[in-house]
Every structure is written in structure tokens, then in C-alpha cells.
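Trainee: Give the three-dimensional model of this entry:
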Amino acid sequence: MSTVPDLRAYPDRPFLAVSAAIIRDGRVLVARRARGPALGVWTMPGGVVEAGETLIEALKREIEEETAMIVEPVVLAGHREVVVRDDDSRVLRHFVIMCFATRWVSGEPQLNDELAEARWLKLEELAGLNTTEGLAEIVATAFERIQALG
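Mentor: Below you'll find the model as predicted:
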């Protein structure tokens with residue numbers, strides 16, 4: 001067990017994060033988390049925005065760190081809020097996640113210690129997976145917005 005304190009636990013304000021619906025050849029990349037708090041859950045790669053970063057800079061950095069891939073963020077596909085409370089109803093975690101429709105540019109997923117597995121899936125294949133809340137809706141919106149832009 002780690003003795004490093006979790007600096008994101010019991011925050012005094014939400015953390016801003018980004019995620020990417022990475023689209024390639026009619027499929028989206030989803031990844032299964034290798035550690036908590038979403039251990040084993042399928043989600044989109046992404047992470048917390050660091051001070052001084054734009055959303056786009058953070059998204060590109062997080063995707064490269066997590067997957068070793070290069071992406072082109074295209075348009076915002078939506079947002080999600082994650083609020084987790086402890087047994088005493090105190091806010092244990094709070095994230096506001098800006099989700100982007102993103103085109104794959106290069107590379108193949110090379111997982112880091114945060115991701116256990118990655119798959120390129122069609123939208124309809126998401127239905128049978130244990131995913132983060134709203135993932136299918138965000139992915140559907142990402143496909144729609146990228147197709148609309150041509």
C-alpha cells in the first residue's frame with residue numbers, strides 16, 4: 001500500500017480534467033483503468049489539467065502520456081461531472097471533465113500504469129462494457145460532430 005498522500009482526495013474545489021473520444025476508421029479508443037478510483041471501468045483516456053495549460057495542451061499531453069499516441073482535438077463533445085462522497089457524505093472526489101471529439105493522428109496504444117487494456121470499438125460495441133457514466137452518449141456526440149465537420 002502506498003504511503004503517498006492522495007492530493008485529490010477531499011478537495012476544497014473541483015479538479016478540471018479532459019478526456020478524448022479518439023476516433024479512427026469509424027471506431028473509438030476506450031481504455032480499462034488499471035487503478036482506482038475507477039479500477040476496471042472502461043473510459044476514455046485523459047486526465048487533470050495542470051496550471052498554465054490550455055485544455056487542448058492538457059488533452060494532447062495526457063493522451064501522449066497514457067497511450068503514446070498523437071491526436072488532433074477537433075471540438076468539444078460535452079462534459080461530465082464526477083462527485084464521489086464518502087460514508088459520511090463528505091466530498092471525497094470532484095472532477096469536471098471536458099470531453100473532446102478527437103482525431104487519431106499517429107501511434108498505437110502503449111499503455112502506462114494507469115491503463116490495463118485498450119480497444120478500438122464501434123459505438124454499438126460499447127453497450128456491453130462497464131463504462132464510466134455517459135460514455136456512450138459522449139462518444140455518439142463526438143462521432144456526430146466530427147462527421148458534421150467533414
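Trainee: Can you spell out which helices and strands pack onto the longest helix that the chain contains?
Mentor: Across the chain, the longest stretch assigned as helix under DSSP state H is helix 135-149. For helix 135-149, the packing partners by 3 or more CB pairs under 8 Å, 6 or more residues apart in numbering; DSSP states H and E come out as strand 15-24, strand 27-33, strand 70-85, strand 91-106. Every C-beta, even on glycine, is put in place using the N, C-alpha and C of the backbone.
Trainee: mind redoing it with 7 Å?
Mentor: Using 3 or more CB pairs under 7 Å, 6 or more residues apart in numbering; DSSP states H and E, the elements in contact with helix 135-149 are strand 15-24, strand 70-85, strand 91-106.
Trainee: Any idea which of those strands gets closest to E53?
Mentor: strand 15-24 (9.2 Å; CB to CB).
Trainee: Can you tell me the strand partners of that closest one and which way each runs?
Mentor: strand 27-33 (antiparallel), strand 46-48 (antiparallel), strand 91-106 (parallel) (DSSP bridges).
Trainee: So what's the gap between the longest one and the chain middle?
Mentor: The reference is to strand 91-106. Strand 91-106 sits 4 Å away from the centroid of its parent chain (CA atoms, centre = their mean, to the nearest Å).
Trainee: Flag every buried residue along it.
Mentor: 92-102, 104 (16 or more other CB atoms under 10 Å).
Trainee: quick revisit: which positions in the longest helix of the chain come out as buried?
Mentor: 135-136, 138-143, 145-146.
Trainee: Nearest to L59 among the helices and strands packed on helix 135-149 would be which one?
Mentor: Closest approach to L59 among the helices and strands packed on helix 135-149 is made by strand 15-24 (4.4 Å; CB to CB).
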